[in-house]
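Student: structure for the following, please:
(one chain, ligands or ions: 2)
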Amino acid sequence: TQKVLFDTDPGCDDAVALSIALASDEIEVVGVSTVAGNTAVENTTHNALSILEHLDRTDVPVARGCEGPLCRDLETAEEIHGPGGIRGDPPEPTGEPVSQHGVEFIRDRVGEYGDDLTIVAIGPQTNLATALAIDEDLPATVDDIYLMGGAALCPGNVTPAAEFNFYVDPEAVSRVFRGATPKVVGLDVTEAATVPARTIEELAEEDEPQRTLAAWLGYSEVEAIRDGALAGDQAIHDATVIVDILDDVLDYREVPVAVGAGDGPFRGAIAPDIEGATDDLPTAQIALDVDESAHRDRIVDAIRGL
Ligand code: BDR
Ligand code: CA
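Tutor: Ligands and ions are numbered 1, 2, ... in the order given. This next block holds a predicted model:
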């Protein structure tokens, strides 16, 4: 089994990612650190505990991390994920976060598991950048680091060029790229890898836990899904990372990459140097292609098997 640490801002698609990982006997979730992103860190922490409660996995420790980007004000995405950052009304948590800060929690898990550990960072990169700034050997210590973020060769979803996670904390992304060579799972692949609206509508008619999963897959309340609110097939961005860990559905290319700093449309945009025009940029492994049907089948099977 692959040991995975989640760094996350749940978030509907974060909730699906976590559910699929928890459902798999090929992955052991060794902990969850939370970060501000889709909503404030109080809420993402509450939501992480609530997701674990929904899936009867309160044994997984949750640590509350950074409450905002390294040097900017937080911008959230509650209009997509729901007020409080999640849809579907999962149960109130009975558990509490551990007392350790999320950044220290990440460093501790790295110390404990070393190269058996994969870090999956599916919110803004603030916690990971901070952990890396404290401990430069961190990337060399772990097996793999996956980031969900960026729009490498495709349009963004916050500005014409920038994806949400990278837009929220671009300085953190730069810091991570300087210190590590992560696998970057961005909109280039996640927008292509959808779950059919019809499947989500079917799940909304089932019992728990699938019903609430339907709300997360559809970024909508169950009643609204039943009333035909889904605009179409849904990209479940963060879950694509987990499907790739399980089934190798993505093709990556290791290239130098620039990150847009400053403000305006290029804030948090990334530009992969596909032609090799530069020699002074850090490199990353950018996902550029996805096996769409293998991806869809794995997500749907995992959810039906919960
Ligand atoms: C990313 O932004 C967030 O809203 C989602 O949870 C995902 O991590 C997609 O752009
Ligand atoms: Ca997320």
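Student: run through the bridge partners of Phe6.
Tutor: Phe6 forms beta bridges with Val32, Val120, as assigned by DSSP bridges.
Student: distance check, it against Asp279.
Tutor: Distance of Phe6 to Asp279, given as C-beta to C-beta, to the nearest Å: 35 Å. All C-beta spots, glycine's among them, are computed from the backbone N, C-alpha and C.
Student: the more surrounded of these two?
Tutor: When Phe6 is set against Asp279 and neighbours are counted by other C-beta atoms under 10 Å, the residue ahead is Phe6, at 28 against 7.
Student: from Asp108, how far out is that one?
Tutor: Phe6 is 15 Å from Asp108, by C-beta to C-beta.
Student: show the pLDDT at the residue nearest in space to the middle of the chain.
Tutor: Closest residue to the average C-alpha location of the chain: Ile122 at 2.1 Å, with C-alpha atoms, centre = their mean. You'll see Ile122 listed with a pLDDT of 99.
Student: from memory it sits against Asp7, does it?
Tutor: Yes - counting by C-beta atoms under 8 Å, Asp7 is a contact partner of Ile122 at 7.0 Å.
Student: which residues does the closest residue to ligand 2 within the stretch 201-306 of the chain contact?
Tutor: Relative to ligand 2, the nearest point of the stretch 201-306 of the chain is Asp238 (4.8 Å; C-beta to the ion). Taking C-beta atoms under 8 Å, 6 or more residues apart in numbering, we find Asp238 in contact with Thr8, Gly11, Asp13, Asp14, Val16, Ala17, Ile122, Met148.
Student: give me the contact status of whichever strand or helix holds Asp238 with ligand 1.
Tutor: Secondary-structure element containing Asp238, defined by DSSP states H and E: helix 237-247. Yes - contact check for helix 237-247 against ligand 1, using C-beta under 6 Å from any ligand atom: residues in range are His237, Asp238.
Student: the next helix-or-strand element following that helix packs against which elements?
Tutor: Downstream of helix 237-247, the first helix or strand assigned by DSSP H and E is strand 250-259. Judged by 3 or more C-beta pairs under 8 Å, 6 or more residues apart in numbering; DSSP states H and E, the packing partners of strand 250-259 are helix 170-179, strand 183-185, strand 270-272, strand 283-290.
Student: buried stuff in the helix holding Asp238?
Tutor: His237, Asp238, Ala239, Thr240, Val241, Ile242, Val243, Asp244, Ile245, Leu246 (16 or more other C-beta atoms under 10 Å).
Student: contacting residues for the spatially closest residue to Ile119 that is not a sequence neighbour?
Tutor: If you skip the residues right next to it in sequence, Ile119 has Ile145 as its closest partner in space, 4.7 Å away by C-beta to C-beta, 6 or more residues apart in numbering. The neighbours of Ile145, taking C-beta under 8 Å, 6+ apart as the test, are Thr118, Ile119, Ala121, Leu128, Pro139, Val176, Ala180, Pro182, Lys183.
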